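*Asks:* Only the shape, not the letters, is given here:
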């Protein structure tokens, strides 16, 4: 979650000036392009818009996670946009998106990106107040809530003491951060690559498994995977059939059924 914390520290959390989806994505992409380390070889705007046309990046619960992939070296970067009114995003749950978390992903940072997005998905599933973020009336309240949210995600991966230290560090820095004003346009050079975040449900019972997903390739792959039951029972995050799986929640039904809510992340 380091890149999201960096975005909060460095002023890349902004109130979106437009509730049109494409204009909101362009605004955040320009914000990322304005980071000096990006240079002029990657057209982040084109990369994000083209990727969104291929696959909707809404995660549900009012959150979307668009991104731009590039073959260039560099750091994983993030910019966050808040829309008080919400954006019609065609998200899987049909809800408007109020929080757009955008990533710039160099190929060398692909694994770090996948870990961060799976952490985001788990954090979203584990909290209630993300659905009320549209009720906040100023960006400072949104930033404070996001710091709590990120802290929750961090605490699942590091000891509580370290998580609190990171949160306090980020909160202190974010109070001094000011949103950047100007952004510059980029140039061609985006390296196309597909990253998909696919929500699904898995039902386990003594006699077998059942995958419920709109993605047939994912369903076929997981239902034919070996040791799938063991992975879901023993781990919250793992690799299976070429996908990174993050388990979000589970429900137990008598006599022996367990339903898991999860996301599969794939990058090609």
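*Replies:* Looks like it arrived, so ask away. Keep in mind that this is a model prediction, so the values were computed, not measured.

*Asks:* ok, residue 114 to residue 265 distance?
*Replies:* To residue 265, residue 114 is 5 Å away according to CB to CB, to the nearest Å. Bear in mind the C-beta positions are built from the backbone N, C-alpha and C, glycine included.

*Asks:* Okay, domains of the protein per the record?
*Replies:* Following automatic domain parsing, one gets these domains for the chain: 2-174, 195-267.

*Asks:* Can you give the distance from the last one to the centre of its chain?
*Replies:* Taking the mean C-alpha point of domain 195-267 and that of its whole chain, the gap between them comes to 19 Å (CA atoms, centre = their mean, to the nearest Å).

*Asks:* on that earlier part again, quick one: the domains of the chain as a markdown table, columns for mean pLDDT and mean neighbour count too.
*Replies:* Below are the domains of the chain laid out as a markdown table (pLDDT from 0 to 100; neighbours: other CB atoms under 10 Å):
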| stretch | mean pLDDT | mean neighbour count |
| --- | --- | --- |
| domain 2-174 | 80 | 19 |
| domain 195-267 | 84 | 16 |
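
*Asks:* Can you show me the helices along the stretch 51-200 of the chain?
*Replies:* With DSSP state H, counting those that start in this stretch, the ranges of helices along the stretch 51-200 of the chain come out as 110-126, 139-155, 160-174.

*Asks:* Can you tell me which helices and strands the first one packs against?
*Replies:* Using 3 or more CB pairs under 8 Å, 6 or more residues apart in numbering; DSSP states H and E as the contact criterion, the elements in contact with helix 110-126 are helix 2-9, strand 58-60, strand 97-106, helix 139-155, strand 195-205, strand 243-253, strand 257-267.

*Asks:* partners of the fifth one, with directions?
*Replies:* Going back to what we said before, that points to strand 195-205. strand 208-212 (antiparallel), strand 257-267 (antiparallel) (DSSP bridges).

*Asks:* Nearest to residue 107, out of those?
*Replies:* Closest to residue 107 of these is strand 257-267 (CB to CB; 9.3 Å).

*Asks:* Next, the angle from the closest one to strand 243-253.
*Replies:* Relative orientation of strand 257-267 versus strand 243-253 (axes from the mean of the first three to the mean of the last three CA atoms, to 10 degrees): 160 degrees.

*Asks:* Can you pull out the residues in contact with strand 257-267?
*Replies:* Residues outside strand 257-267 that contact it (CB atoms under 8 Å, 6 or more residues apart in numbering): 59, 110, 113-114, 117-118, 121, 125, 193-205, 213, 215, 218, 222, 232, 242-253.
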